[in-house]
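**Q** Quick one, fold the following:
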Amino acid sequence: MRKLFLFLMYLIVCNSIHAQKIVKDETDEFTGNRITETNYISFSDGFTCALHKVNNTILLKTTYNCGDKVYSMEKGADLMLKLENDSIITLNNEEDAVAEYWSLNLGKTFIEHFNLKTRYIIPDEVYTLLKTHKIRTVRFYTTDGYITENVSEKRAKKILKLFSLLK
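**A** Residues are numbered from 1 along each chain as shown. The predicted model follows:
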């Protein structure tokens, strides 16, 4: 139990220390595509996001920790972002997705859960809004209904910095 506690504290400290950054910035040698990726940061506990840019197309990649539930999401399902100015942005999932099993063995401690990974294209005009306005609430739709997560002020500031890394 002590090892689990120390490991979780390590993750929390590392997450707060590491700033938003570009983790990949290269040109693919086969396609000539310019690829840029950021690290993952949290919308809320268990709900993370990163940006992935190929040439001029920007994708928002998300991962939701489903715990012991298996969620699925259809292509075209909505991700809704409520901004600090009360405007609502709606993005559509790019492909069908089903939560995947994930596990981690830490000595005598075994952690397991399901992750739902999704991708959304961000149009230029929406990207401009996301670079200038903090996200307050996130809602996404699964085949079982919707899940709403509030975004803390601290995380909203980090997400705003993340969006300022590209373009």
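**Q** Burial check on Y64, number of neighbours?
**A** The tally of other residues near Y64 (other C-beta atoms under 10 Å) stands at 25. C-beta here means a position set from N, CA and C on the backbone, and glycine is covered the same way.
**Q** That one touches L116, doesn't it?
**A** Yes: using C-beta atoms under 8 Å, Y64 is in contact with L116, at 4.5 Å.
**Q** which residues do the two both contact?
**A** Taking C-beta atoms under 8 Å, 6 or more residues apart in numbering as the criterion, Y64 and L116 both touch Y71, A99.
**Q** in this protein, which residue is closest to the centre?
**A** Nearest to the geometric centre of the chain sits C49, at 1.3 Å (C-alpha atoms, centre = their mean).
**Q** tell me the contacts of that one?
**A** By C-beta under 8 Å, 6+ apart, the residues touching C49 are Y40, I41, S42, F43, L60, K61, T62, T63, I159, L162.
**Q** Identify each buried residue in the lengthiest strand in the chain, please.
**A** When the chain is parsed with DSSP state E, its longest strand is strand 109-122. Neighbour-count burial for strand 109-122 flags H113, F114, N115, L116, T118, Y120, I122 (criterion: 16 or more other C-beta atoms under 10 Å).
**Q** What is the nearest of the residues you listed to K69?
**A** If you rank the buried residues of strand 109-122 by distance to K69 using C-beta to C-beta, F114 comes first, at 6.6 Å.
**Q** partner residues bridging that closest one?
**A** Here F114 sits in beta bridges with G67, Y101, as judged by DSSP bridges.
**Q** Roughly how far does it sit from K134?
**A** Distance, F114 to K134, using C-beta to C-beta, to the nearest Å: 29 Å.
**Q** Equivalent analysis for K154, please.
**A** Counting by C-beta to C-beta - K154 and K134 are separated by 11 Å.
**Q** So for the two, which residue has more residues nearby?
**A** Neighbours per residue (other C-beta under 10 Å) separate K154 from K134, with K134 holding more: 17 against 10.
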